[in-house]
Structures are given as C-alpha cells and as structure tokens.
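Asks: Can you look at this prediction? I've put the sequence above it.
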Amino acid sequence: MMKQLILLITMALSVSLSAHEGHDNAPGTLKANHGGLVKPGKEINLEYVVAGTEVKLYPITHEGKDLTPTEIKLSATVQLPKGKSEVIKIESKDGAYVAQVDFKNAYRIEMKVSAVHNGKTDNFKFQIEK
C-alpha cells in the first residue's frame, strides 16, 4: 500500500513538472532584452541597466518589443538617501535612453521615471547602486 502511494505521488509530480517544459521564462517573470532589470507598468514595462554612473532605460511593451523615441517620452528624477529630488537629463542614444547620475559619495540613489505612451503615463521607482 505504501509503495503504491509513493508511486502515485511520484507520477503526479513528474506530470506536473513536465507540463512546464519548453518555457524560456518561469510564469510571471519579465524578459530583459538588454540584460538589465525589468519593472512592470500598467501601460508598458521599463528595463534599466546600470554601468557606473550611466543608467540606460529601455521602455518595452508588455509583449517585449522595444519602444522608439517617437513612441514614448521619458522624464526622471533622482534622490540621494538624505537629499532632495533632482531632475536629470535623459538623452536618446543607440536605441536606449541614457542618463548620467551623480552618487555624491552615496552608495545608492532612488530613481523615479515617468513614461508617457499613447497619452497615458506610467511611473516607475527603483534603486540604483554603484
């Protein structure tokens, strides 16, 4: 009786695990097209890649398609741990939106990005570390 129960449980587990084979991403994960981290939004998603003081932003559709500068407008602010929020300049460069940040001896900065797409706005907030 015990052997039959163990066999039944093993078969049930193997069937449920094999049902998920062939998927590139686990359910609920967002694909990063550019090797960064992706923040979900209501209208679009935003991928960000940090390299030193440079932050590259890639607005993408929920289906994973990159959006071009003609399709979207981005603005951003940064805030040091004990400082005031500052507007930073974002430029379109090589298919990305690029911003330079100044850590001013801090290890971490909070960045807020506003994205306007098709007349609707998404707001994203994340931490950037050196």
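Replies: Noted; the coordinates are in hand. Residues are numbered from 1 along each chain as shown.

Asks: ranges for the helices of this protein?
Replies: 2-18 (DSSP state H).

Asks: those strands in it, which residues are they?
Replies: 37-40, 45-51, 54-60, 72-79, 85-88, 90-93, 96-100, 108-117, 120-129 (DSSP state E).

Asks: Check these for me and report the most buried one.
Replies: strand 54-60 (a mean of 21; mean count of other C-beta atoms under 10 Å). In short, each C-beta sits where N, CA and C put it, glycine included.

Asks: May I see the strands of the chain arranged in JSON lines, with mean pLDDT as well?
Replies: Formatted as JSON lines, these follow (pLDDT from 0 to 100):
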{"stretch": "strand 37-40", "mean pLDDT": "94"}
{"stretch": "strand 45-51", "mean pLDDT": "95"}
{"stretch": "strand 54-60", "mean pLDDT": "95"}
{"stretch": "strand 72-79", "mean pLDDT": "95"}
{"stretch": "strand 85-88", "mean pLDDT": "95"}
{"stretch": "strand 90-93", "mean pLDDT": "92"}
{"stretch": "strand 96-100", "mean pLDDT": "94"}
{"stretch": "strand 108-117", "mean pLDDT": "96"}
{"stretch": "strand 120-129", "mean pLDDT": "95"}
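
Asks: Compile those strands into CSV and extend it with columns for distance to Asp66.
Replies: What follows is the strands of the chain, written out as CSV (distance: least, C-beta to C-beta, whole Å):
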stretch, distance to Asp66
strand 37-40, 12
strand 45-51, 9
strand 54-60, 6
strand 72-79, 10
strand 85-88, 22
strand 90-93, 12
strand 96-100, 9
strand 108-117, 12
strand 120-129, 15
